[in-house]
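Asker: Sequence first, predicted coordinates after that:
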Amino acid sequence: MDNFIFGRYMPGKSKIHSLNPTIKIIMSFYFIVIVFFANNLITYVSLFLLCLVALRFSKIPLKFFVNGIKPLIILIIITVLLQLVFSTGGQTYASFWIFKITSLGLLSAFYIFMRFILIITISTLLTLTTSPLAIAYGIEKILSPLKKIHLPVETISLMISIALRFVPTLTDEAMNIMNAQRSRGVDFGSGNIIKRIKSLIPLLVPLFVSAFKHADELSIAMEARGYSPEMKRSKFKSYPIEHNDYIGMIVILFISLMVIFLRN
Amino acid sequence: MHKEIIFKNVDYYYQQNTPYEHKALKNINLHIPMGSFTSIVGKTGSGKSTLVQMLNALIKPTHGSLIIDEFKITSETTNKNLNPLRKKVGLIFQFPEKQLFADSIKEDVAFGPRNFGVEESKIKQIVENSLKLVQLPLDIMEKSPFEISGGQMRRVAIAGVLATNPEILVLDEPTVGLDPKGQKFIMNLINKLHVEKNMTIILVSHQMDIVAEYSDNVIVMHDGKMIKSDKSNVIFNDEKLLSRYNLELPSSVKFYNKLVENNIPLGEGVPLNVESLSNQILKSFSKGSKRNG
């Protein structure tokens, strides 16, 4: 569990870290869309290379990254296996009862595998190199056109950043409560399913109590400092668009054109 | 059978082999005698809480080993069959009231003993005894633990740990956030358990007055390392050591030092509580009056 890095942030000062968060989020989504356009070896490989280059620039150790996304491998393998044994067409290599391994099956299993890897890599890279606050800022910017239809975009972004801000706090809290209950003899994660679910009650009840307490205290603190959702707010941190952002956009545009030309 | 708790070359690294790696404990070697009242002091982040969690095998040494009686904990210890150890070592965390969860106070106190397999017929008696120990009236037993005051919640939580009848009681800042009266109550309770039931007490605290007054031994931690472990009068006599690690002197020692600075002769040995300080002052005065008269 300690190695699991999906959704975590790793502070740093690399070129990828310092990209404008709005542009970084848009580029990541754009990349995911392109992944679905790729449909042959060369396109997948070029997208994969792009991921590797981005990873290199982010200065995140490759070994750490690979270890971090390993827990997701099981999910990938199950999906790939399903694809492998259930899709039909092309030449049949082996068959067993209702399962058949065919050339088309192999191919689509490979594609699914690549898609998973690419999407997980790029989204993990996004969260690893972008602080939660920067992500909230980026989402606010992306949603800002919706202000025209009176959507409370700033409030939504504040909600997101508060939620993200409290993830580590509540994780710590959960760890503490778990330890306290374990020392009172609770064995989390053993026994049959009913016993396991029952053992969660001594964890969840205190966790909810503390989450409500945090929310209550935070709302009082905000009101005491005169928070009002209608006020125009300034930002403590600014995220200017720099050279690297343009370079990033040009690279990803180039790759996407390449994918469209090279696909079958 | 060891009559000691022994830490042997214990290291602990959080998130080993990742960029987040953090060495919380570095080569800890310690002997804590059974039946003693030992305090662990040090700044925030010095590794005290990590050390405490290890006593219950909530975390295991990255290197080295920890021996508590017949139990040996190393990095290879599995998570199975740890309950006998956890029954032996009761752990009261910071803000223990956070662990309350049951419908009634009675159920919450009974939770630990039930998990450790105590017979249902004995549970009622255990719950009543534990609540009596922390001096809560028995008629609140049926109430929800969330409708009593903060100080009472802490007492219920402590009763919940005492109900498991541990031989070693480990407390992480048990008095934090309580008023002076509540602090006094908790410390007297702990001292009573130590004296009357010969319980081994391991106390983590920032409050030097409390540490000085109650403990036999003091362990000074700094930056994951054990700096010194000695009798409490030796530690509190060493002003240099304490100031070097940003630890306060107990107020009785401060007062003693002020008097000595002003050439008021007091006996050898720093007083560790107000009572022995006043005794020393009284003695010095009676000597002085003899000399003058």
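Answerer: Perfect, I can see it now. From a predicted model like this one, the values you see are computed outputs, not experimental measurements.
Asker: What segments of chain A are strands?
Answerer: A:92-96, A:99-102 (DSSP state E).
Asker: Nearest to A:Leu143, out of the ones you listed?
Answerer: strand A:99-102 (44.9 Å; CB to CB). To be clear about C-beta, it is placed using only N, CA and C from the backbone, and glycine gets the same treatment.
Asker: Check whether B:Gly5 sits in a helix, strand or coil.
Answerer: Quick fix: residue B:5 reads Ile, not Gly. strand (DSSP: H, G, I helix; E, B strand; the rest coil).
Asker: Could you report the pLDDT at it?
Answerer: In the prediction, the pLDDT value recorded for B:Ile5 is 93.
Asker: Now for the residue nearest to it when sequence neighbours are not counted: which residues touch it?
Answerer: Nearest residue to B:Ile5, sequence neighbours excluded (CB to CB, 6 or more residues apart in numbering or on different chains): B:Ile32, at 4.2 Å. For B:Ile32, the contact set (CB atoms under 8 Å, 6 or more residues apart in numbering or on different chains) comprises B:4-6, B:38, B:200, B:202, B:217.
Asker: Backbone torsions only: list them for B:Ile32.
Answerer: Main-chain dihedrals, B:Ile32, degrees, to the nearest 10: phi -120, psi 110.
Asker: so which residue of the stretch 101-250 of chain B comes closest to chain A?
Answerer: With CB to the nearest CB, the shortest gap between the stretch 101-250 of chain B and chain A falls at B:Asn115, namely 2.9 Å.
Asker: about what we covered before: and the contacts of B:Ile32, which of them are buried?
Answerer: The neighbour count (16 or more other CB atoms under 10 Å in any protein chain shown) marks B:5, B:38, B:200, B:202, B:217 as buried among the contacts of B:Ile32.
Asker: Spell out which residues of the stretch 151-264 of chain A are next to chain B.
Answerer: By the criterion of CB under 8 Å from any CB of the partner chain, the positions of the stretch 151-264 of chain A lying close to chain B are A:173, A:176-177, A:179-187, A:190, A:201-202, A:205-206, A:209-210.
Asker: burial of A:Val33, as a residue count?
Answerer: 9 (other CB atoms under 10 Å in any protein chain shown).
Asker: separation between it and A:Ile252?
Answerer: Distance, A:Val33 to A:Ile252, using CB to CB, to the nearest Å: 11 Å.
Asker: so what's the residue in the stretch 151-264 of chain A positioned nearest to chain B scoring on pLDDT?
Answerer: For the stretch 151-264 of chain A and chain B, the shortest gap (CB to the nearest CB) falls at A:Gly185, measuring 2.9 Å. For A:Gly185, the model assigns a pLDDT of 90.
Asker: Wasn't B:Tyr12 part of a strand?
Answerer: Yes: with three-state DSSP as the criterion, B:Tyr12 is located in a strand.
Asker: list the contacts for it?
Answerer: B:23-25, B:47, B:50, B:54, B:59, B:61-62.
Asker: ditto for A:Thr92
Answerer: By CB under 8 Å, 6+ apart, the residues touching A:Thr92 are A:100-103.
Asker: A:Gly189 now?
Answerer: So, once contact is read as CB under 8 Å, 6+ apart, A:Gly189 ends up touching A:196, A:199.
Asker: Now do it, the pLDDT please.
Answerer: The model's pLDDT for A:Gly189 equals 74.
Asker: Residue ranges of each domain in the chain, please.
Answerer: As the question left the chain open, I've gone with chain A. Chain A breaks down into these domains under automatic domain parsing: A:1-131+A:237-264, A:159-228.
Asker: could you do chain B instead?
Answerer: Using automatic domain parsing, the domain parsing of chain B gives B:4-246, B:250-293.
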